[in-house]
Each structure stands twice: as structure tokens, then as C-alpha cells.
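> please work out how this folds:
(chains A and B)
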Amino acid sequence: MPELLIDGEKYQYEDAHKNLLASALSMGFDLPYFCWHPALDSVGACRQCAVKVYRDENDTRGRIVMACMTALTPGLRASIMDPEAVSFRAGITEWLMVNHPHDCPICDEGGECHLQDMTVMTGHNYRRYRFDKRTHRNQYLGPFVNHEMNRCIQCYRCVRFYRDFAQGSDLDVFGWHDNVYFGRAEDGMLESEFSGNLVEICPTGVFTDKTLKRHYTRKWDLQTAPSVCEHCGLGCNTIQGEHEGILRRRYARYNPNVNGYFICDRGRFGYEYVNSARRIREPMIRGRTASNRAPAAEGAVAVNQMGNTILPSEAAESALEAKDVLARAAELIAGRKVIGIGSPRASVESNFALFSLVGAGRFYQGTPASELKAVRRIHDLLSSGVVPGASTQEAASCDAVLVLGEDVTNSAPRLALSLRQASLRKPEAAAKAEIVGGVQSWDDAALREAVQSERGPFFVATPAWTKLDELDGSPFRGAPDDLARLAFQVAHLVDPKAPAAGGLSAEAARAAERIAAGLRSGAKPLVVSGSSLPLIEAASNVVQALRSGGLDARAVFTVPEANSMGCAMMEGEGIEAAAGAVERGEVETVIVLENDLARRLPRASLAKLLGGRARIVALDHLANATTEKAEVVFPAATVSEGDGTFVNNEGRAQRFVQVFNPRGDVKESWRWLGLIMAEIAPDRRNPWPNLDAIQAQAGAALPQLKALSGIVPGAGFRAVGQRIPRLSHRAASRTAITANVTVHEPPPPVDPDSPLNFSMEGFKGMPPAGLLARYWAPGWNSVQSLNKFQVEVAGILKGGETDRLLFPGLGAARAPSYSTALPPAFAPADGELLLLGARHIYGSEELSNHAEAVAEVAAKPYVAVSRTDASRLGLAHGGSALVRVRGEELALGVVVKDDLPAGLALYPVGLAGEGYLELPAPAKVGPGRVGA
Amino acid sequence: MTTTDEKRPLTRNIRAGAEPPDVSAYEKSAGYEGLRAALKMTPAEVQDCVKKSTLRGRGGAGFPTGVKWSVVPMDPRARSPKYFVVNADEMEPGTMKDRLLLEGDPHQLIEGIVIGAYAVQAARAFIYIRWDYKRAARILEHAIREAYERGYLGNRILGSEFSLELHVHVSNGRYMCGEETGLMNALEGKRATPRNKPPFPQQSGLWGHPTIVNNVETVCNIPHIVRNGPDWFKALSRSEDGGTKIYGVSGRVKNPGLWELPLGTPLRDIIEGEAGGMIDGYGLKGLLPGGGSTDFLTPDHLDVPMDYGSVQKAGSRLGTGTIVVLDDRTCPIGMLISLEVFFARESCGWCTPCREGLPWIARVLTAIEEGRGETRDLDILQFHTKAIRPGNTFCALAPGAIEPLESGLKFYRADFERHISEKRCSYK
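Alright, predicted model coming up:
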């Protein structure tokens, strides 16, 4: 391994493609920086990471260079501690602080501020600048991100992330010299779905979390735990922070296998549903006033909730009530004809608990059969190894992309960020090869200069415009089945053994040629799909065809919800079958697990299921149409309040760890179900007193769930005999928070499910990677301390695995098994449009719709039609239309979309308060209002 | 070849107050003969000829032009088109030499561009011209039209295989746009922030393609070098680097102006000879030999030959060769303020020392000049002169701004101390 010298000591380095800063940080040095970021690489603007380098052993003077712009060469002699370099770095900080307001005590970044950390690190203390500071006007940037430009130190990281990395256009840098302004041309919501990452990218308090501001807590007072996002099927990793019973914020948790450094804004800001006034906090029996308490108002929390400490009287009261409710539930279940309806947003453990309680054959998947079929097909393709998948992060390394029928930005937002990177891979490789002398991989500005606006092969084939269209010169439009036909033809063109799609339009045939050639030109092409069975089959054919040609082709299939895949791995029919069983009178009691059936069943079926033919026992977080019809309701813990496992779209099982003990008697659904089983069992034995137990049982009962155990160390794990604290070593309030009630410090609650502690006591060192509760290292209080937890910067985490891929991934080469299920071409029926579901990042996901900030920007119902159809049907943009679809009549505002092909119409799915519609479906659309 | 042509090739066609020669007049003065000669040579031969001439860049940095060209990849697989850019964004304080050439003999520049582009096989060329040079831009546009009409530009120039498009781009008017990488960014429509090297513009310049950026005066030399040969060019000079130089003097001299003189003409010949010495009643206190971003020289340096090596040895830089004279009745701090305010304003805001350091310097100097100076202000200025060094900053702007300050602190320290102790400017 090559060596270099830092301050006279020899160090070996592995990755010659890193720069000196990244290497020095990987080796554990504290070298300050601002403009560099491990995901954004180097531009050399801030001059903070200055070090000395020496020509050879005879060179005693050396010269100052920026470590971030210095390539590693064997034998490189560098000094971090050289007095001139040290004093230059202090000088840089002094300059940066010239205009900084020093408002740390009232700044949201205070205590986790990279600028604070670096200032201390460089040793700059006293202000010598005695003139006025420049001031700026701040902007309204929407409900997610707060703007305070006076704090800016002009590191340019915000625009580099927003424009260069996330390819947004509405945040920019304005002005010159010492009057540089980072903002929008005018006030308004940031358009990028990744704007929330600015909160972490910004080294100081210019861009901060506006939702956190509403219930602000310093980092050191947050109780934190590793978690997994519940707002889509990608399973991005998060760190969540709570204080005094209120979930305060959510940050990206680094996972090189999933989301890297970044998450989307729905994932970051959707968490506030956990604090919603609609939360169910106590077990309830309908009709019994004593226990049928209305959910408490938001403001009551601070008064009633004493952090982690449930005071004795309150705990006793809850226990008593729970006992009654459990007894009632047992009455409804024991010896009766019971079915269970699972949920794609409940953990594998909770679904398994229900599966166990009701028994195989009586467990139904909580999703419509069509969705279930699609997810199961994805599962089969991935788990059999027929179609190798790719992680969200790995998708960024693919160099040719076909997006088939998916509006990725809205259905799996974080993936869109990866696809944007993928579009650069080929031009980057070309630039490196074409430019004489080459371009360093980490030299971000040079690489972007060399690439310009070149994009690699990128194809979007969707029914309507998507944000990723901008990466494709001529996106293809068509009905879903026509898109599938297009892709079948692409597969055929790549490998003639794959079935052809005859009778394509000339335009489609040309598009197929173009796509086939483009995908074939990549070394690692990627197909993204997932929204319907024909599209999945088509994507599978394309990937197999490309692989048969020797390319490392991959597929990323999106799935609708956080645990769609995990749930579908268990036996069970779709939700319509459950409704049928109830309608046929075969069911006395239905247990509904974390599932609002109004979002899954058409009105008529819903009425049958909830209409009183069977008793309903519901477990959920928020009051909804299903819990309102339930006789017994158990308050289910959210991902923030409980332990469990989700399996993401790629088949990666990921464990989320309880962050805090919520107010009220809220437990994981699997725990409630265990208590119900204990209530019923003759020996009153709880089948699974903790998570480890239920995971062991799940593995024993269902072999496909065996791999769930031990993804992170179980509850018995101790690091040097100690638990791992959820609270920081600087947590301020624990001993004082209940002092108005009692001066005795109550013992912290015991966590039976994980090795984490609801306390600041415990192991202070490096925990296992999957149990990393926060990024914090000596001298590094900000998120940048993550560097210290990685084996090397931007590499894997120290301390083992964080997740487990359940599917084999890349196996041996195999003969393709092509699908021949070519769907017929779309032919618009006379007088009807094909109504398709449109997903919206804000609005289509159930839980985030109850988060204040997300709700503020959520989509409103509409019907979108093409201009041709609008004029044919007498509809005007902004007018109203009557839509008759699947026996329903909907009055909707009209959106005329020029890009939509004639014969198609769009309707936003999943909006709060809107019922379920199985789409696509033929619809009659005309002017008018309901009843007119 | 006339005597003037022999001695002063660059300004041979320039007459004070007269319109520049049109294409026919230019042709009559052996115009475009350099191009005809070049097209008979291989590009490598043209490069070699320029390299042998020892021509160095006249924009301020003094990099050997032939060496710069020789780095351009000539492999047919290199990215195309390649670009040839003329830097006419003349904004160095005290400098107006390029304007003389632009307004005085536009075809000389165009001919130089075509030869230069041919030498590196660039298919597109730009003249990036300062916003204020409106007359020059107009003259150039007209001359370029003429050149296209006569076949000196466009497809298959003079029947050869070589084609070139030439465009005039009028700058938005920032000092930073004169820094070659900032210029390229500005030309691409981006912020005029500098770029890191490597990759050098010859490797990845405009739009990521191989690019040459040369100063106006540099390019104007090319036709003469090719036409008359490198030895002739070297003989023009009184120094080891070939050619003439357009020197200028501004400030309180009797005859401020611009003169084309052999490279290496001593300062005294320029200031006391061509410029006629100081106006009566004024003494020479110091001078910036090559524009606002060069170190002060003092009357003791008047025998220094104005060439790259000699001026450097004297502690400054030849820069643009346009001398700014400081007389003994003008406050040196006042002069530094106008320079540093300019440089602070012209900072692009990209790197920290320049963005934050220069305005601080300007404020400290203003405070001293206005009688609000403090003793520690000298330490603060010293801190800046030590920290703002080539390599410490991203580009040369801030180190350039430091040159007059650092030398000013050295030569005029007594003035600084007096301002601070007397709390006023003693020149007012």
C-alpha cells in the first residue's frame, strides 16, 4: 500500500483517488474545512483546509496548499501542524467571522454548528475587525426551511448541493465581493424535493429546520435513536430526536447501502404526524366513556408528559384501562371466527404477530390484490436472482437509465436524486478519458466544467410529464400498457429471443430503437419501474435482455410503502378477499393492523367490511375512518415510539429503534397483539415479551423471516457492560424536569427491546453501526462528525452492518426467462378516458399528510386531462368537471396538461380525506358538478 | 520594410487622432502576409516559431506564449472545437495599452488571432472585450466583417484547409473577467469565478474544450513574428525576452502617454525621456511599474530596465508595463485606498482571503486616512500581507492587490505612522 508522510509520521492509504483532506480525515486527523463535503467533493473556495507540503526531505520551507485540492501521490510529505499552516487556518476563520453575527445563543444551529466546531479547532478567539458587519434581508422559503443570511460564511455548499448535486434551479448565488447572497430570486417555497438537506449541508445557521423551530430543542437535549423512514418504500435511514414527549426533528442517517447522506423533504418533515392531535394515546372501547377519551390537544403535552418518566399514578391508571380493553379484545377474539388485516406500513414483527394470532389462511394483506400482485412479482424477480436489484445509492453508479412508467420524484423521491447522479456517470467517464491529463474524480468544479450539460443515456417513458423529463431529450408518453409494450420491444431489440411487441406506432418503434441503443451503450444500465404488473414484467425483460448481452444491468422496483415488501413476504390474500369473507358472513371479528381501510377499499366494499357485520379491533397511530368504526382500539406506536423491522423495495431488512416513550399507553402493535394472546392463552403467557423473542418466533415459523434476527445486536447486547445512551452526555434537563412534582429522580424506563438506554448514562464509545444514535465526536458537534464514524470518509460505517439484504443480489449468470405477457395496446373506449393515479410527494402518503408542514403544501384533488380532450369535452383549465369512475361520481377541478396524451386523465391518489379508487379505470369526464 | 515597421511593429499603423486602417490599408502595410506565411507552415512550425521568438504574455503574468500553445493537445481525438480567446478585458488600474491596439489597428489583432488559432488548430475564436471599450468593439466588428469578406476568416481561409469563426463578446465589466479562467466562466454565461488548475485551459477550457487565452498585445505580436522570424523579434528587445513593449505612464508627469519601445528600456528613459519627467513642483515619490497590482518601486530604481527579469529582481513585476507615478504631494495611503477599494469591489467573492480580507484592508486604510487609525491597524495590515499570498488564495487577484500594499507599508511606513499618531492626513 502506498504511503505518505503527515507531520513526519508514515501513513498508508488505500484509495489513491481521494484528496489529501478526505484522506487525512479518514486517518483521524482534525483538519477544518467548509466548502468541501464528502458527497460534494472539492472546489477549494474556503481555503480552510490549508496544510504545508514539501518537495522532498531537503525542503524545509514547504508551501501552503489546500488539502482538498491536493492529490495523493506516493511519498507525499505534508504537515498539518506546521505553525504557518496553523496560523493561516486561524486567519481564515477570523476572516469568515468578520461578518458572522455571533448570535449562537439564539441560533438554531448552536451546539451542532460546524462553524463553531471549526472556529474552536483553528483556535481563532478574539475579534480584531472593528467595522460594521454587512447585513442581508432574509427570505421566506416555504414551510420547511428557514433562512437567516446574516450568518452566512459563503462556503457555497448550499448552491453546490442544491444546483449541482440535486439539480434544482431556484436557489442561487447573487452579488459579488463581500456581498454574496444565497437565496432565491424572490421569496417562495424552495422547489427541490431535497431542500431539507440544506439544513445539514449548511455549516452554520443560514438554512435551518423550520419545523424544529416550532418546538425547538438543542441537539444536546434531544433523545435520539436510529430509525427508518416510513413515508415510502425506499427505507431511507434517519435519526430522530425527541424531547419532553414531542418528536422534534428528523435527520438523515448515513447508510451507504440506501440513502447515503441525503433524504427527501417528505422523509425529513413528515415526522410531525407523531405529535398530531389526532393521535390515539389510550386503548379505547367504543361506547365506554371512561376509556373513550378524546385524543388530547397538542398543547397538553408539555404539561402532562414528563420526558421519559411516566409518573406512578399515571402509569397505574393506564395499566388499569389497558387491562379492561385487552379483556374486551380477548372476548371479541377468543373462540370466534377472526380474521386479521395486515399493513404495508406496519413492521414485519407486527404483521407477523397478527399472522400468528389469526393463523395462516385468516391473515389478509392490507393492500388491494392488484398492488399485492405487483409487489409479490417484484419479490419473486429479486429474490430468485432473475433480475438483480440495486440499492438507492447504487442506482447512482448506473450509467444508463430507463424510467418506466414511474414518476420517481413523487413515488420514491430519494431515488430521483440518485438517478440524477446516474445521468452524469457516462459524461463524467467520457470527460476523464477525453481530457488530456485527466480530471481528478474529487475535483468537482473541473469535472462539472468538463461535463457541461451533457447527460448520459436517460429515458423517461411515463404517461405524463415528470420532473426527471429534463434528463431526457425526448421523453415518451403513453398509457401504462403502451409503455410496457414499448419496453417489451426494447428488450426484443436488445435480445431477439425476448418477445417482440408488434404493431407499435412509428413513434414508439423509434423510441424503442433509441432506448435499446442507449441502454446498451452503458456498462451498468438501470431500469426503474414498479407501478403495474405489465411494467414490471417489461422492466424484467429489458434487464434480462441487457444481462444476456453481458452488461451488469440492474432493476430498481419501487413499492408503495415502507414495509410493502416485508408484508408481502408473508402469506395472505388481498384486502378484497377479506371484505368478501366479511360480506359472506364468515367473520365475526376483524383485527385491523395499522391500516385505514378507507384508503384501500372502494366505498361499497368498505361499507360492507366496516358496516357492522363483523366487530372491528383496530390498532393504529391516528384516528381515522377505520378506528372510528372499531369497537376496540389500541394505540399503536409509530416508528419513533417502537421497535421493529421494515423490508424496503430492494429487499433490505432494516431495523428501527424506539426513540422515546410517548405520553399515554402507546405500544408497538406486535406488543399489543402479544398481550391479547396472553389474555386468551390458558396459561396467560405472553408469546413474545420483547422484540428478540418475536423475531426468533417469526424466524422459526416462517423461514423467510429468519434473517430478521440480529441485524442489529439484540436487547442483551452490552458494550463494555453498558447500554448505549439515547441521550447525549450533555443532556441538561433530566434531573430537573420533574422537580416540580418530585425531587427524587425516577429511574429511567428499561428498554426490553434494544440495547439502548433512555438515559444519558452508558457507553460513550463507538457503538455498533446499526445502533448509532447520533453523530457526535470530541470537537465535532455537528453532523460532520459523521466522518469519525466511517471506516473512511464516505465509506462504510465502523462497527458492522446496519441492515441486511434478504435477496441474494448478483448470482451466477443465468439464461433469461422472458415474460410473454405482453399487454394489449391501449385503445381509448368511446367517450371514456383512462383515469390514472398520480402520486404527489406531498399529499399521497397517509402519515405525512398529518404533519403540519407537509399538509400545508399537500396536493389538492383535481382531474388532469389533455388539451385535445379538454376542448372535445368542453372543459377549461381551472373549471370543474364531473368524473364518473367505478360507480363513483367525483366533482373535481380541471387541470389541462399539454403533455398528457389524449385518452388519458390523471387523478391524485392518497390525498387526505379522499376515498380509494382502484386505478387505472375507465372514466367518463364531462363538465358539471355533483348532482347537477 | 520601413524603419518604423522594423522598430515599432505594433504601432506602425497607428496615428494619433486618425481612424484605424481598413482592410485594404492594412494589406498595404504587409498586412495578412504573416497569415499567408503561417498557412504555408504546419501548425507545429508556427508554434515553434513563436516559441523561438521568446514572446512572453503581455497581460501581466508574462508566461511564454509558445510554451502555452505547446500544451494544447494536437491529437485529432482531442475535444473539438478548440477555442482561441483574446483577453481584451483590460481593467488593470492605470492600463490602457490594449485599447490603443484595438482602436488603432484592429486587423493586426485579427491576423494574430487567425495565426494563433491555426497554430493550435482552434476552430472558434472570441475577443472578450471590456464593456467600456465601446469604440474598440465597434471598430473590431467592422474589421471582422471586412476580414470575412476578404477570406481571412470563415471557411477555408485563403483557400487553405483551415477555417475559423471569430466573435466579439462584450464583457459585463468586471476585473475578474480579465483573469483567464474567470473570463472563460463569464464567456460561458456563468459567474466570473476563477477555476482551479490543473486542468489547464489548454486541457479543459471553454465549455470543457482545449482553449488558449492570450492578451491583445501578445496576439498583435504574432503576425510580425511569423512574417519576420523569431530572430528579428528577439533583436527588437534590449532584454533576454524578445520584442517591443507598449509602455505607458500616468500620474503627474509632463507628457503622460503610451510608447512602443524595446523591451527592457530603462525606467528613466520612459519616465524622464518619453514622459518628460515630473510636472514642475512635483517630485517622484514612487511608482507602480506595471499597473495597480504591482509593487511600488522608488526613485532609486529608475535605472531598472523594464523587462520581466529586471523588474522582478528589483522587487516588483513588469505586469502590463504601464507605469503609475506617485508624486510627493499625493498621500500614498490615499492612493492605496483607491487601489484597495477597487480590488475589494472587484473580488468575485469565491475565496475567503480575497472576499473578506480586501474589504477589511480597505476599511483599515480609510480609517487611517480619516484620522481614525489605531497602532494595531498596522499589525492587521501586516497580517493580511503575510496571509494573502499566491497559492493561499484561489487566484492571483488578491495577491496582486497585496503587492502595492506590502511595498507601500515598506516604503511609506513613516506616512502610516504619522497618520495614526497625528490622527489626520498630513497631505491635506
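> only C-alpha atoms from now on, for both contacts and neighbour counts.
OK.
> burial of whichever residue of the stretch 151-300 of chain B sits closest to chain A, as a residue count?
Among the residues of the stretch 151-300 of chain B, residue B:208 lies closest to chain A, at 4.2 Å counting by Cα to the nearest Cα. Other residues lying near residue B:208 total 25 when counted by other Cα atoms under 10 Å in any protein chain shown.
> per-residue pLDDT, it?
Listed pLDDT for residue B:208 reads 96.
> the nearest residue to it once chain neighbours are set aside sits in which helix or strand?
The shortest distance from residue B:208 to any residue other than its chain neighbours is 4.2 Å, reached at residue A:450 (Cα to Cα, 6 or more residues apart in numbering or on different chains). Counting by DSSP states H and E, the secondary-structure element that holds residue A:450 is helix A:444-451.
> tell me the helix or strand right after that helix.
The C-terminal neighbour of helix A:444-451 among helices and strands, as given by DSSP H and E, is strand A:458-462.
> surely the residue of the stretch 151-300 of chain B closest to chain A and residue A:454 touch.
No - judged on Cα atoms under 8 Å, residue B:208 makes no contact with residue A:454 at a distance of 10.9 Å.
> quick one: residues in contact with the helix holding residue A:450.
Where contact means Cα atoms under 8 Å, 6 or more residues apart in numbering or on different chains, the residues beyond helix A:444-451 that reach it are A:40-43, A:424, A:427-428, A:431-432, A:435, A:439-441, B:195-196, B:199, B:204, B:207-209.
> hmm, back to that, and the residue of the stretch 151-300 of chain B closest to chain A, how far from residue B:88?
From residue B:208 across to residue B:88, the span is 21 Å (Cα to Cα, to the nearest Å).
> cool, residue A:533 as well?
For residue A:533 relative to residue B:88 (Cα to Cα), the value is 62 Å.
> more crowded one of these two?
The residue with the greater number of neighbours, taking residue A:533 and residue B:88 and applying other Cα under 10 Å, is residue B:88; the counts read 29 against 24.
> show me what contacts that one?
B:98, B:127, B:128, B:129, B:130, B:178, B:215, B:216.
> mind listing the helices for the stretch 1-150 of chain A?
Counting by DSSP state H, counting those that start in this stretch, the segments of the stretch 1-150 of chain A that form helices are A:20-26, A:83-96, A:114-122.
> just the CA trace of the second one, in CSV.
Once non-C-alpha atoms are left out, helix A:83-96 reads as follows in CSV (Å, rounded to 0.1, in the frame of the first residue of the first chain):
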residue,chain,number,x,y,z
PRO,A,83,3.0,26.8,12.5
GLU,A,84,2.5,28.8,9.3
ALA,A,85,-0.4,26.5,8.2
VAL,A,86,-1.9,26.6,11.7
SER,A,87,-1.8,30.3,11.8
PHE,A,88,-3.2,30.6,8.2
ARG,A,89,-6.1,28.4,9.1
ALA,A,90,-6.8,30.6,12.2
GLY,A,91,-6.7,33.6,9.9
ILE,A,92,-9.3,32.0,7.5
THR,A,93,-11.7,31.6,10.4
GLU,A,94,-11.0,35.1,11.5
TRP,A,95,-12.0,36.3,8.1
LEU,A,96,-15.1,34.1,8.0
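> surely residue A:779 is in contact with residue A:117?
Yes - under the contact definition of Cα under 8 Å, residue A:779 touches residue A:117, with a separation of 6.1 Å.
> quick check: residue A:473 is in a strand.
No - under the criterion used here (DSSP: H, G, I helix; E, B strand; the rest coil), residue A:473 is coil, not part of a strand.
> what's around it, how many residues?
Applying other Cα under 10 Å, I find that residue A:473 has 12 neighbouring residues.
> give me phi/psi at it?
When read as degrees, to the nearest 10, the backbone of residue A:473 gives phi -60, psi -40.
> what does residue A:555 give?
When quoted as degrees, to the nearest 10, the phi and psi of residue A:555 stand at phi -120, psi 140.
> pLDDT below threshold where in chain B?
Low-confidence segments of chain B, defined by pLDDT under 70, are located at B:1-5.
> now do the contacts for residue 415.
No chain specified, so I'll use chain A. Residues counted as contacts of residue A:415 (Cα under 8 Å, 6+ apart) are A:234, A:392, A:393, A:395, A:408, A:409.
> wait, chain B
Applying Cα under 8 Å, 6+ apart to residue B:415 gives the contacts B:332, B:333.
> and the helix or strand that it is a member of, what's buried?
Secondary structure from DSSP H and E places residue B:415 in helix B:413-422. If you call a residue buried by 16 or more other Cα atoms under 10 Å in any protein chain shown, then helix B:413-422 has these buried ones: B:415, B:416, B:417, B:419, B:420.
> again, but for stretch A:158-171
Buried, per 16+ other Cα under 10 Å, within stretch A:158-171: A:158-168, A:170-171.
> same check on stretch A:699-712?
By neighbour count with 16+ other Cα under 10 Å, stretch A:699-712 contains the buried residues A:699, A:705, A:706, A:707, A:708, A:709, A:710, A:711, A:712.
> same check, this time on stretch B:393-410
Across stretch B:393-410, burial judged by 16+ other Cα under 10 Å covers B:393-409.
> and chain A, which of these reach it?
Restricting those to those adjacent to chain A (criterion: Cα under 8 Å from any Cα of the partner chain) gives B:393, B:394.
> run a quick neighbour tally on residue 244.
Assuming you mean chain A. Residue A:244 has 26 neighbours, counted by other Cα under 10 Å.
> wrong one, I was asking about chain B
A count of neighbours around residue B:244, defined by other Cα under 10 Å, yields 26.
> now the nearest residue to it once chain neighbours are set aside, what are its backbone angles?
What sits nearest to residue B:244 in space, not counting adjacent residues and going by Cα to Cα, 6+ apart, is residue B:262, at 4.2 Å. When read as degrees, to the nearest 10, the backbone of residue B:262 gives phi -60, psi 140.
> quick one: the residue nearest in space to the middle of chain B from chain A, how far?
By Cα atoms, centre = their mean, the mean C-alpha position of chain B lies nearest to residue B:59, the distance being 2.3 Å. Residue B:59 sits 23 Å away from chain A, taking Cα to the nearest Cα, to the nearest Å as the criterion.
> which ones are touching that residue?
Residues in contact with residue B:59 (Cα under 8 Å, 6+ apart) are B:214, B:215, B:216, B:217, B:218, B:319, B:320.
> could I get these in a markdown table, plus columns for secondary structure and neighbour count?
Supplementary listing: those in a markdown table, determined by DSSP: H, G, I helix; E, B strand; the rest coil; neighbours: other Cα atoms under 10 Å in any protein chain shown:
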| residue | secondary structure | neighbour count |
| --- | --- | --- |
| B:214 | strand | 25 |
| B:215 | strand | 23 |
| B:216 | helix | 30 |
| B:217 | helix | 27 |
| B:218 | helix | 23 |
| B:319 | coil | 29 |
| B:320 | coil | 31 |
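> residue of the stretch 51-200 of chain A with the smallest distance to chain B?
The stretch 51-200 of chain A approaches chain B most closely through residue A:177 (4.1 Å), counting by Cα to the nearest Cα.
> that's a strand at residue B:348, yeah?
No - with three-state DSSP as the criterion, residue B:348 is assigned coil and is not in a strand.
> list just the nearest of the buried residues of stretch A:158-171 to residue A:267.
residue A:166 (15.9 Å; Cα to Cα).
> phi and psi next, for that closest one.
Here the main-chain torsion angles of residue A:166 (degrees, to the nearest 10) amount to phi -90, psi 0.
> for residue A:228, same thing?
Geometry field for residue A:228 lists phi and psi as phi -130, psi 140, criterion degrees, to the nearest 10.
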